[in-house]
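> All I have is the shape, not the residue letters:
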Ligand SMILES: Cc1cc2nc3c(=O)[nH]c(=O)nc-3n(C[C@H](O)[C@H](O)[C@H](O)COP(=O)(O)OP(=O)(O)OC[C@H]3O[C@@H](n4cnc5c(N)ncnc54)[C@H](O)[C@@H]3O)c2cc1C
């Protein structure tokens with residue numbers, strides 16, 4: 001795996017938390033080249049030859065390129081719709097200056113009323129939740145809803161189910177649990193401040209609390225305290241018994 005960032009998912013989770021995933025990949029046998037770029041890919045008789053910065057060569061059967069997505073708005077250029085890496089929308093997902101046009105999903109850049117920033121998200125749950133608000137706003141133009149969301153995205157990597165809620169990546173983060181045990185949570189936010197987001201691995205009960213806490217802007221240290229309590233034997237025993 002080659003990536004110019006210092007660790008997997010470090011753009012979203014930060015470089016230190018990304019190292020946890022880097023160790024997992026290494027355990028699973030991935031040859032990692034983080035902090036490196038690809039200079040070229042050449043076809044060979046047996047597969048491909050990938051040339052890295054500095055001239056190092058990786059021989060492989062195949063190369064899979066996953067370098068992100070570009071929002072597809074060129075067909076809207078010149079239409080009069082305002083574009084800014086997406087269709088620019090108000091807080092109810094209505095295209096600015098065009099009350100009859102709405103945008104939903106990856107293409108929508110909307111003014112988040114609660115966070116006071118313009119956001120564009122690329123998640124399935126976001127597309128589905130936005131569609132519900134747009135349907136409401138079309139049917140009830142006199143009672144429009146703002147679109148507000150607690151971001152949620154998941155990824156299955158090896159035996160880790162990774163679930164990410166809210167806004168992650170800040171330098172203020174706290175680990176609860178142990179990656180070596182294949183179950184942990186990282187809570188983002190200053191301890192006396194708001195729980196901004198969390199990444200949860202293989203821990204459904206922690207996800208429920210983290211999602212609720214981030215949505216209600218609960219304090220980070222309160223969430224951390226409750227998650228630690230979930231690790232106590234008295235807390236986990238009934239859950240295991242119930243699972244059986
Ligand atoms: C490889 C990959 C993995 C992903 N994994 C996850 C994941 O694990 N979890 C998650 O939450 N999200 C994931 N996503 C993101 C998720 O797929 C998107 O957020 C979601 O599909 C967005 O839905 P959408 O309806 O906005 O856009 P899309 O699903 O992209 O649908 C847009 C549709 O519009 C069509 N279209 C484009 N231009 C035109 C045109 N001019 N006229 C007519 N039709 C047009 C396209 O062909 C497409 O069918 C992943 C995305 C990718 C690429």
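That came in fine, so what should we check first? Keep in mind that this is a model prediction, so the values were computed, not measured.
> make it CA atoms for all contacts and neighbour counts henceforth
OK.
> what's next to stretch 115-134, contact-wise?
Counting by Cα atoms under 8 Å, 6 or more residues apart in numbering, stretch 115-134 makes contact with 86, 92-93, 102, 104-112, 145-147, 149, 151-153, all of which sit outside it.
> and the longest helix along the chain, average pLDDT?
With residue count as the measure and DSSP state H as the assignment, the chain has helix 124-139 as its longest helix. Across helix 124-139, pLDDT averages out at 96.
> quick one: strands adjacent to the helix or strand just after it?
Reading on from helix 124-139 to the C-terminus, the next helix or strand found by DSSP states H and E is strand 152-157. Take DSSP bridges as the rule and strand 152-157 pairs in its sheet with strand 160-166 (antiparallel).
> my guess is residue 214 meets residue 196, correct?
Yes - with contacts counted by Cα atoms under 8 Å, residue 214 reaches residue 196, the gap being 5.9 Å.
> joint contacts of the two?
The overlap between the contact sets of residue 214 and residue 196 (Cα under 8 Å, 6+ apart) consists of residue 166.
> Quick check: residue 25 is in a helix.
Yes - secondary structure assignment (DSSP: H, G, I helix; E, B strand; the rest coil) places residue 25 inside a helix.
> separation between the residue nearest to residue 92 when sequence neighbours are not counted and the ligand?
In space, and not counting its chain neighbours, residue 92 is closest to residue 146: 4.4 Å by Cα to Cα, 6 or more residues apart in numbering. Summarising the geometry, the distance separating residue 146 from the ligand, computed by Cα to the nearest ligand atom, to the nearest Å, is 18 Å.
> wait, residue 47 sits on residue 60?
Yes - here residue 47 reaches residue 60: they are 5.9 Å apart, a contact under Cα under 8 Å.
> which bits of this structure sit near the ligand?
Within the chain, the positions lying close to the ligand (Cα under 6 Å from any ligand atom) are 75, 104-107, 122-125, 127, 153-155.
> one more time with 5 Å, if that's ok
Where proximity means Cα under 5 Å from any ligand atom, the interface of the chain facing the ligand comprises 105, 106, 122, 123, 124, 153.
> any idea where the strands of the chain begin and end?
With strands called from DSSP state E, the chain shows them at 2-3, 33-34, 38-43, 48-52, 57-60, 87-89, 108-112, 117-119, 152-157, 160-166, 173-178, 183-188, 197-201.
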